[in-house]
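K.L.:
quick one, fold the following:
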Amino acid sequence: MTRGLPRFTARRPAAEAVAPIELPPRYPVVLADGAIVDVRYVRGPNPILLLHGWALTADVNFLHLLNPLAETNGVVAMDMRGHGRGLPLGAGERFDIAQCADDAAAVLNALGIARVVVCGYSLGGPVGLEFALRHRDRVRGLVFEATAMAFDSATDKIGRCFFRCLRPFAHRSGGIGRSIPLQYFRKTRRKNPQVAAMWAWLKTELRRCHPRVIVDVILAEYALDFRPHAPALTGLPAAVVVTTRDGAVPPHDQRTLATLLHATVFELDAPHDVFLADPAKYLAATRNAIDHVLAEPGTPHAG
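P.N.:
Residues are numbered from 1 along each chain as shown. Sure thing, here's the model as predicted:
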């Protein structure tokens, strides 16, 4: 059930870079422990909790998804700890997937939202899995995109060694670590005029994530193996959008996630950057997956 708004007012910081399209309002939400986090929130009948990917902000990952979902379902979108406008990490604190899941639950508590459809992209998948494990009663359905339950491919094993070696340097340098997502999206920019046109804004958003956090997130994902916990989520309506040309998360691992969750698969013929490179295709696949889990038996109206 969605109750009245908590004590917050819409704001845009003076130094805020303007997104290429107008997005739903962002509110500073006061959590139970007194912490304040900026959240894009629109009340709706079937609220969707959007959990973004590695080194991104919610605005970047869901730029083309926020408005359509806000109009029909309602949305809650926040940046994770250490990312963008998310809650800060302390000097000696490491990024923690379970902590991010609890942060999302705290935001829902502050907003008075009882249940949501969880939609997690890439890193948002592990966070969404942890959310469902720790707060199952808050879940109407699960939608996972371009993600996996474990990141242990041959490439991942090489990457684990690389990022462990990189971490001490990322802690001290403003460039090492942060340059990795920038380099990735520069490739998208070269191929896509729409992304090129928004590059100034995109670059500003990507630079909001501290290099140490960028490295720590990857290491946290490599340490994850949710497969033993999959049976605990049995019975939750689930859909998995498999990005079939994904070079970051192998499609085989995405399909394994779907199998272990007994989820319906929606194949998306696209690479990992589809949310910016081909937004119409991404929006269609995501809406189909969300509509599917909402239509499954055993998911009463949120009220």
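K.L.:
list phi and psi for His64.
P.N.:
Main-chain dihedrals, His64, degrees, to the nearest 10: phi -90, psi 0.
K.L.:
any idea how far it lies from Arg94?
P.N.:
Going from His64 to Arg94 by Cβ to Cβ, to the nearest Å gives 32 Å. For glycine as for every other residue, the C-beta is placed from the backbone atoms N, C-alpha and C.
K.L.:
quick one: name whatever helix or strand follows the host helix or strand of Val107.
P.N.:
Using DSSP states H and E, Val107 sits within helix 97-111. Counting by DSSP H and E, the element after helix 97-111 in chain order, helix or strand, is strand 116-121.
K.L.:
so which bits of the helix or strand following that following strand are buried?
P.N.:
Once the chain leaves strand 116-121, the next helix or strand it forms, by DSSP H and E, is helix 124-134. Across helix 124-134, burial judged by 16 or more other Cβ atoms under 10 Å covers 124-133.
K.L.:
restrict stretch 134-146 to CA atoms and write it as CSV.
P.N.:
In CSV, the C-alpha atoms belonging to stretch 134-146 read as follows (Å, rounded to 0.1, in the frame of the first residue of the first chain):
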residue,chain,number,x,y,z
ARG,A,134,16.1,-10.5,2.9
HIS,A,135,12.7,-8.8,2.3
ARG,A,136,10.6,-11.4,0.4
ASP,A,137,7.4,-10.0,1.8
ARG,A,138,8.1,-6.7,-0.1
VAL,A,139,8.3,-8.4,-3.5
ARG,A,140,5.5,-8.7,-6.0
GLY,A,141,7.7,-10.0,-8.7
LEU,A,142,11.3,-10.1,-10.0
VAL,A,143,12.7,-8.8,-13.3
PHE,A,144,16.4,-9.3,-14.0
GLU,A,145,18.2,-8.0,-17.0
ALA,A,146,21.8,-8.6,-18.3
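K.L.:
now do the same contact list for the spatially most central residue of the chain.
P.N.:
The residue lying closest to the centre of the chain (Cα atoms, centre = their mean) is His52, at 1.7 Å. Residues in contact with His52 (Cβ atoms under 8 Å, 6 or more residues apart in numbering) are 58, 60-62, 77, 79-80, 83, 121-124.
K.L.:
how close does it sit to Gly124?
P.N.:
Per Cβ to Cβ, His52 is found 5 Å from Gly124.
K.L.:
anything in contact with each of those two?
P.N.:
Counting by Cβ under 8 Å, 6+ apart, the residues touching both His52 and Gly124 are Asn61.
K.L.:
any weak-confidence spans in the stretch 101-250 of the chain?
P.N.:
In the predicted model of the stretch 101-250 of the chain, residues 153-154, 156-178 satisfy pLDDT under 70.
K.L.:
in it, which spans are strands?
P.N.:
Assigned by DSSP state E, counting those that start in this stretch, the stretch 101-250 of the chain shows strands spanning 116-121, 139-145, 238-243.
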